[in-house]
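**Student:** I'd like to go over a predicted model; first the sequence, then the structure.
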Amino acid sequence: MNIIFKPEIKSLGEFQPNYIFHSNQIKNELMFFGCNIEFIRAREAQAPITNALIDEVLKQMAFEYYGKIGLPTDYIVVDTRVTMLMPGQYPSIPGWHCDDVPRTQGQPDFSKPLNCQHYMCLVSANRDGIIKCPSSTEFITSTHEFEINPLKVWQSLHEQAELVEKKTRFVKEREIVKFNQLAIHRASPAVSGGWRLFFRLSLTDRPPTNEVRNQVQIYVDPNQAGW
């Protein structure tokens, strides 16, 4: 199956306020998995940064959809993760992939409609007080056609994406970025130690599950274990 991956990536500015978050503010932020806004609003005292990010993204969406009738999908869903990173660690699986592609028998299925849109932001509190995210997200900004193995979708995508000449860009600290389901991206290894909050608001066909996330994983290159 050949898929043309045409990324639609747009920077929407910087998340405010302009001050450095203390480590405890990031560390104590409640995490969410597949939650609607009402569920998160009810827990605002436990997730002040997430609620502030929702406010900022909804403001951007109001400008974007002004004068239009309805949103392109049925649900607004928010996912967040808080991770403590050391140099060389990854906050998520480091292979090239896309977000929120519908699945069939456990594998992403590109034959299904792909009208989901994402808004993401990374917020961090570095131990040295510098506003610099320990680990950024890297996007492929050029268009590519890859032959996808439906039994090993992300593995086949990653292997081919590693071999081609491509253009990429990294998400900046507190930059709000909108992207589509065909925007290939991956986590990058942490360049410094510190706490990192990943925020993603999605316009999606996926109904909310409204779960509080109680744990996250970090990943390491087996050839670079230790810190």
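**Tutor:** That came through fine.
**Student:** so what's Met120 closest to, chain neighbours aside?
**Tutor:** Spatially, and ignoring its direct neighbours in sequence, Met120 is nearest to Arg200 (4.6 Å; Cβ to Cβ, 6 or more residues apart in numbering). C-beta: built from backbone N, CA, C; applies to glycine.
**Student:** Now the element after the strand or helix carrying the one you found, going C-ward?
**Tutor:** Using DSSP states H and E, Arg200 sits in strand 194-204. Downstream of strand 194-204, the next assigned helix or strand under DSSP H and E is strand 211-213.
**Student:** what are the pairing partners of that next one, and which direction each?
**Tutor:** strand 31-33 (antiparallel) (DSSP bridges).
**Student:** For the following helix or strand past the strand it pairs with, what does the pLDDT average out to?
**Tutor:** With elements assigned by DSSP H and E, the helix or strand that comes after strand 31-33 is helix 37-41. Averaged across helix 37-41, pLDDT comes to 97.
**Student:** other SSEs contacting the following helix or strand past helix 37-41?
**Tutor:** Beyond helix 37-41 on the C-terminal side, the first helix or strand identified by DSSP H and E is helix 48-64. Here helix 48-64 touches strand 9-14, helix 23-27, helix 37-41, strand 75-85, strand 117-126, strand 175-180, strand 194-204, going by 3 or more Cβ pairs under 8 Å, 6 or more residues apart in numbering; DSSP states H and E.
**Student:** From the contact counts, what lies against the third one?
**Tutor:** Helices and strands touching helix 37-41, by 3+ Cβ pairs under 8 Å, 6+ apart, are helix 48-64, strand 75-85.
**Student:** repeat that for 10 Å
**Tutor:** In terms of contacts (3 or more Cβ pairs under 10 Å, 6 or more residues apart in numbering; DSSP states H and E), helix 37-41 is packed against helix 48-64, strand 75-85, strand 211-213.
**Student:** now swap in the fourth one and tell me
**Tutor:** With contacts defined as 3+ Cβ pairs under 10 Å, 6+ apart, strand 75-85 has these neighbours: helix 23-27, strand 31-33, helix 37-41, helix 48-64, strand 117-126, strand 194-204, strand 211-213.
**Student:** Pull out the buried positions in it.
**Tutor:** Ile76, Val77, Val78, Asp79, Thr80, Arg81, Val82, Thr83, Met84, Leu85 (16 or more other Cβ atoms under 10 Å).
**Student:** Just give me the neighbour total for the residue nearest to the fourth one when sequence neighbours are not counted.
**Tutor:** Translated: Asp79. Of all residues not flanking Asp79 in the chain, Arg200 sits nearest, at 4.9 Å (Cβ to Cβ, 6+ apart). Arg200 has 21 neighbouring residues, counting by other Cβ atoms under 10 Å.
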